[in-house]
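Enquirer: predicted model and sequence follow; I will ask about them next.
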Amino acid sequence: MQNASVPNLSIPEPERDPAKAAAPAVPRLNEGFLGTDDATELKILREIVRMLPASITVQDERGDFLLVNEAATAQFNARAEEFRISASTSDFLTQALDHRRETAIDLLQSGRSAVFEERVSAGQDQRVFLTTHRPVRIGEQNLLLSSASDLSRQKAIEEDLFRRAYYDELTGLPTRRVIQKLAGDIIARANPDDRFALAFLDVDNFKHINDYYGHAIGDSLLIQFAKRLGLDLRKTDMLSRISGDEFLLLLHPIQSEEEVAEYLKMLVQRLRAPFYIDSSEVFASASIGVSLYPEHGGSYEALRQNADIAMYRVKNETKGAAAFFNATMESETLARMATEQSLRLAILDKRFFCAFQPKVDIRTHEIMGIEALVRLRDDNGVIQSPDTFINLAIELGLIDELTHLVLAEIMKSLDRINETFGPGASISINVAAKQAGNREFMEVFAKSLAATGSPTRFIVEVTEDAFVAKTHFQDDILPMFRELGIGISIDDFGIGYSSLADITADEIKIDRSFITDIHKRPRSQGILRAIESLSEALGMTVIAEGVETFEELAYLQAATKIRYAQGYYFSKPIFLEELQPHARATDVIGAPSARAAEETRPLTTRAGGRRGS
């Protein structure tokens with residue numbers, strides 16, 4: 001309705017029977033205004049009613065308004081005279097007053113009281129009133145007394161709290177509890193032929209995007225991501241954001257798995273198109289796991305968990321694709337849970353220990369340093385390599401504690417290390433990429449290295465992406481280690497995307513994927529020469545990782561200026577307790593037993609940022 005000015009209220013006099021003209025419209029109170037006559041008392045009461053903050057109306061048995069106070073005219077944004085049938089000029093007002101008349105007739109005929117919530121629009125503004133209707137008999141008349149209180153502010157707060165509880169603030173999507181309720185309702189009333197799909201979507205490499213572009217870009221990406229996911233959804237489907245970069249998509253109803261697969265194939269392609277955010281072209285994708293009702297579960301929780309399992313299979317294998325849950329995935333998940341439990345217990349029981357692999361001068365075979373490689377002894381006493389637990393430790397947030405355990409093991413074995421490798425050998429410790437960008441952890445770790453009393457003996461190995469992600473490793477974290485004299489090594493160099501010209505380090509380790517069969521691979525030889533030249537210009541020591549054959553060593557000696565190498569050709573990782581008393585590592589460096597054919601490792605590279613051997 002159109003906004004209308006509200007003039008000073010004039011309360012219309014109720015229509016009276018001439019024969020009863022002397023009867024007052026409002027009966028006198030038992031304890032009224034002492035010392036006043038009826039006319040004065042009525043005048044005072046009329047003024048009080050007019051000035052009450054609550055909306056007050058009185059209607060007769062025909063529904064006609066006999067009394068309307070100022071708050072009531074404001075409630076309906078109308079003049080007092082417009083409450084008469086003939087004076088209503090607004091369609092909305094006519095409709096609202098007709099509803100009030102029907103309510104009055106119904107309640108007076110039945111003698112019932114009632115409480116209603118009324119919503120009144122005034123332009124773009126909508127107000128909410130709680131209205132109480134009560135039939136009363138005054139004199140010879142049956143009247144309906146109505147009073148209304150403005151609840152607009154309270155309702156706005158309630159609606160805001162509702163949205164916060166049930167809708168995501170960033171994307172506006174329903175939260176986890178909403179989609180859980182929908183899935184539960186569908187299952188509760190499902191017919192034997194009813195089917196639906198629950199898809200678990202996780203944005204790939206979202207942490208890297210946040211680190212590289214910043215959280216503002218990350219938030220904008222999630223908003224655009226949600227919009228793309230929401231395209232072409234039916235009214236019966238639902239998309240929900242359940243955590244930071246995780247979404248759930250419910251497709252209902254469905255006819256077949258093929259139908260869902262075709263839809264998700266289109267969705268995957270849509271998500272691969274670049275996102276344009278604040279002049280940045282951001283590429284993203286999602287790993288999607290899908291479970292079907294009723295094949296993969298008879299409850300929301302079972303379906304969600306199985307979709308989650310399928311999503312992790314995609315993320316660990318290909319990323320940016322979709323997969324349906326199957327029983328094989330479930331058995332793998334149970335095995336993973338057992339590994340997780342074992343890992344947590346192993347940390348509590350301190351069943352981790354270190355092996356040490358020498359870094360060797362390839363011309364003199366002298367040891368210039370060692371790398372500490374963490375190992376786990378399982379419940380059966382079998383030694384487990386990091387490939388079985390490092391990535392899981394990172395995922396579970398246990399990697400920081402594990403790194404400190406490695407340092408503690410080194411310090412506990414320091415005398416034996418000096419005896420075996422020499423007191424001048426540097427000691428390298430690996431730090432995961434996730435840790436390298438965590439200033440809080442790196443500050444604590446730097447203090448721990450300083451507390452050893454010989455921080456200059458240590459080298460911290462990080463992967464090259466730590467230097468280019470927006471974690472400010474080079475500007476904020478690296479100076480802490482420089483001040484203590486701790487060396488920095490770039491591990492697995494060559495498999496990332498950085499340039500030596502952009503980073504500062506003491507040492508780079510050429511990934512073994514470039515060293516394997518280097519004597520037969522001209523392309524790798526060219527890359528090696530380029531890295532060698534630039535590192536020499538920048539004053540960085542180069543170490544060739546993974547040297548395992550005489551031919552590889554011979555090429556490095558004859559065709560490069562590289563001075564140092566590490567690998568099974570020189571020595572496998574050494575467990576100090578396995579050495580004979582007073583035996584030195586130099587006694588086994590280069591010995592045939594140290595590089596037996598069965599000990600040669602397969603060619604692998606690391607994705608997790610720590611050594612896999």
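Expert: Received, thanks.

Enquirer: what about the stretch 451-600 of the chain, any weak spots by pLDDT?
Expert: Along the stretch 451-600 of the chain, the model assigns pLDDT under 70 to residues 468-472, 494-503, 578-600.

Enquirer: all the strands of it, residue numbers only.
Expert: 458-463, 487-493, 507-510, 541-545, 564-566 (DSSP state E, counting those that start in this stretch).

Enquirer: what does the shortest one rub up against?
Expert: This points to strand 564-566. For strand 564-566, the external contacting residues (C-beta atoms under 8 Å, 6 or more residues apart in numbering) are 357-362, 368, 371, 509, 541-547, 553, 556. Glycine gets a C-beta too; all of them are placed from N, C-alpha and C.

Enquirer: what comes up buried for stretch 116-136?
Expert: Going by neighbour count (16 or more other C-beta atoms under 10 Å), the buried part of stretch 116-136 is Glu118, Val120, Ala122, Arg127, Val128, Phe129, Leu130, Thr131, His133, Pro135.

Enquirer: ok, now stretch 290-302?
Expert: So, applying 16+ other C-beta under 10 Å, buried residues of stretch 290-302: Val290, Ser291, Leu292, Tyr293, His296, Gly297, Tyr300.

Enquirer: which members of those are the farthest-apart pair?
Expert: Val290 and Tyr300 (14.6 Å; C-beta to C-beta).

Enquirer: picking that back up, of the buried residues of stretch 116-136, just say which sits nearest to Gly422.
Expert: Out of the buried residues of stretch 116-136, the member with the shortest distance to Gly422 (by C-beta to C-beta) is Val128, at 81.6 Å.

Enquirer: what are the ranges of the helices in the stretch 301-450 of the chain?
Expert: Here the stretch 301-450 of the chain has its helices, by DSSP state H, counting those that start in this stretch, at 327-349, 390-395, 399-412, 414-421, 433-436, 439-450.

Enquirer: can you tell me which of the ones you listed is most buried?
Expert: helix 433-436 (a mean of 23; mean count of other C-beta atoms under 10 Å).

Enquirer: outside of it, which residues touch it?
Expert: So helix 433-436 is in contact with 207, 394, 399-400, 403, 441-442, 445, 462-463, 465-466, 471, 473, 477, 608-609, going by C-beta under 8 Å, 6+ apart.

Enquirer: dump the buried residues of stretch 290-302 to a markdown table, plus secondary structure, pLDDT and distance to Thr57.
Expert: Shown next, in a markdown table, are those (DSSP: H, G, I helix; E, B strand; the rest coil; pLDDT from 0 to 100; distance: C-beta to C-beta, whole Å):
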| residue | secondary structure | pLDDT | distance to Thr57 |
| --- | --- | --- | --- |
| Val290 | strand | 97 | 58 |
| Ser291 | strand | 96 | 57 |
| Leu292 | strand | 96 | 58 |
| Tyr293 | strand | 96 | 53 |
| His296 | coil | 93 | 59 |
| Gly297 | coil | 91 | 56 |
| Tyr300 | helix | 95 | 49 |
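
Enquirer: tell me which two in the buried residues of stretch 116-136 are the farthest apart.
Expert: So, these by C-beta to C-beta: farthest apart are Ala122 and Pro135, at 29.2 Å.

Enquirer: ranges for the helices of the stretch 101-250 of the chain?
Expert: Applying DSSP H, counting those that start in this stretch to the stretch 101-250 of the chain gives helices spanning 152-166, 176-188, 206-213, 215-230.

Enquirer: my bad, should have said the stretch 501-613 of the chain
Expert: Listed in chain order (using DSSP H, counting those that start in this stretch), the helices of the stretch 501-613 of the chain are 512-515, 522-537, 550-559.

Enquirer: low-confidence ranges in the stretch 251-400 of the chain?
Expert: Checking the stretch 251-400 of the chain against pLDDT under 70 turns up nothing.

Enquirer: how about the strands in it?
Expert: Counting by DSSP E, counting those that start in this stretch, the strands of the stretch 251-400 of the chain are 275-277, 280-282, 286-293, 322-324, 352-361, 367-377, 383-384.

Enquirer: out of the ones you listed, which is closest to Arg416?
Expert: Closest among the strands of the stretch 251-400 of the chain, using C-beta to C-beta: strand 352-361, at 9.8 Å.

Enquirer: what's near enough to touch Leu145?
Expert: Leu145 neighbours (C-beta under 8 Å, 6+ apart): Ile56, Thr57, Val58, His133, Arg134, Pro135, Val136.

Enquirer: buried residues in the helix or strand hosting Arg46?
Expert: Per DSSP states H and E, Arg46 falls inside helix 38-51. Under the neighbour-count criterion of 16+ other C-beta under 10 Å, helix 38-51 has Glu41, Leu42, Leu45, Arg46, Val49, Arg50 buried.

Enquirer: of the buried residues of stretch 116-136, closest to Ala322?
Expert: Nearest to Ala322, judged by C-beta to C-beta, of these is Val128 at 44.9 Å.

Enquirer: list the contacts of that closest one.
Expert: Going by C-beta under 8 Å, 6+ apart, Val128 touches Glu117, Glu118, Arg119, Val120, Asp150, Leu151, Ser152, Lys155.

Enquirer: let's see 7 Å
Expert: Listed by C-beta atoms under 7 Å, 6 or more residues apart in numbering, the contact set of Val128 reads Glu117, Arg119, Leu151, Ser152, Lys155.

Enquirer: follow-up on the earlier one: switch the buried residues of stretch 290-302 over to JSON lines; also include distance to Glu70.
Expert: Formatted as JSON lines, the buried residues of stretch 290-302 follow (distance: C-beta to C-beta, whole Å):
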{"residue": "Val290", "distance to Glu70": "62"}
{"residue": "Ser291", "distance to Glu70": "61"}
{"residue": "Leu292", "distance to Glu70": "62"}
{"residue": "Tyr293", "distance to Glu70": "58"}
{"residue": "His296", "distance to Glu70": "64"}
{"residue": "Gly297", "distance to Glu70": "61"}
{"residue": "Tyr300", "distance to Glu70": "53"}
